[in-house]
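> Below: sequence and its predicted model.
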Amino acid sequence: MSLGKYFISKQFFIQLVIVAVVFTIGFFSLVKYLEVTTKHGESIEVPDLSKLAIEEVATKLSELDLRYEVIDSASYNPNYPKKSVISQVPEKHSLVKENRKIYLTLNPSKYGKVMIQEFYGKTKYEVIAQLKSSGFEIGRILFIPDIGRNVVRRLKCNGKTLKEGDKLEKHSVIDVILGNGRGK
């Protein structure tokens, strides 16, 4: 039998129909399998976890068949409770599948400590800028008899005189003691 006669034979058309039926059944079976295994059309709305303690997060996500992972403890934010959620990915109200992992950033329990840099003999503006950029707050500006006008002679925090290398929590209030320029 020649190739041309084979393509118009009854045997070729039967095999073509069998291939089409098998392909169609396979295709629809695959689609149905994917719908079932991926739970197509089913989703869970991610709750708002901000300001919740990690214990509350664990309970809430467990009830929804979601998981979580803490990826970071950010810089301390006084507007959030200690060890509470600052941010989450995916964000609140996002739709996800069950067993999805939610990534959390937590508020640390306190501010980090920052070292006092060299300050003695520097100008008022230089030291104030340095302290502010390190995360400290400036308290009172006091003057003592000294020949250097607006030259920093001491720093104090809560009545304690500070020295270079001391460590304080961020946002500590520091008083700056300057020379009055008169020496008396």
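Looks like it arrived, so ask away.
> If I look at the closest residue to V152 other than its chain neighbours, what pLDDT would I see?
In space, and not counting its chain neighbours, V152 is closest to V127: 4.6 Å by Cβ to Cβ, 6 or more residues apart in numbering. (Glycine included, C-beta is placed from N, CA and C.) Model confidence at V127, given as pLDDT, is 93.
> now K101
According to the model, K101 scores 92 on pLDDT.
> Just want the phi and psi numbers for the residue positioned nearest the centre of the chain.
Averaging the C-alpha coordinates of the chain gives a centre point, and the residue nearest to it by Cα atoms, centre = their mean is T105 (4.0 Å). Dihedral angles of T105 (phi, psi; degrees, to the nearest 10) stand at phi -120, psi 130.
> For E63, see how far away it is.
Using Cβ to Cβ, to the nearest Å, T105 is found at 22 Å from E63.
> Can you show me the helices along the chain?
Assigned helices in the chain, in chain order: 3-7, 10-37, 54-63, 124-133 (criterion: DSSP state H).
> can those go into TSV with extra columns for distance to I116?
Compiled in TSV, the helices of the chain are given as follows (distance: least, Cβ to Cβ, whole Å):
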stretch	distance to I116
helix 3-7	91
helix 10-37	60
helix 54-63	33
helix 124-133	8
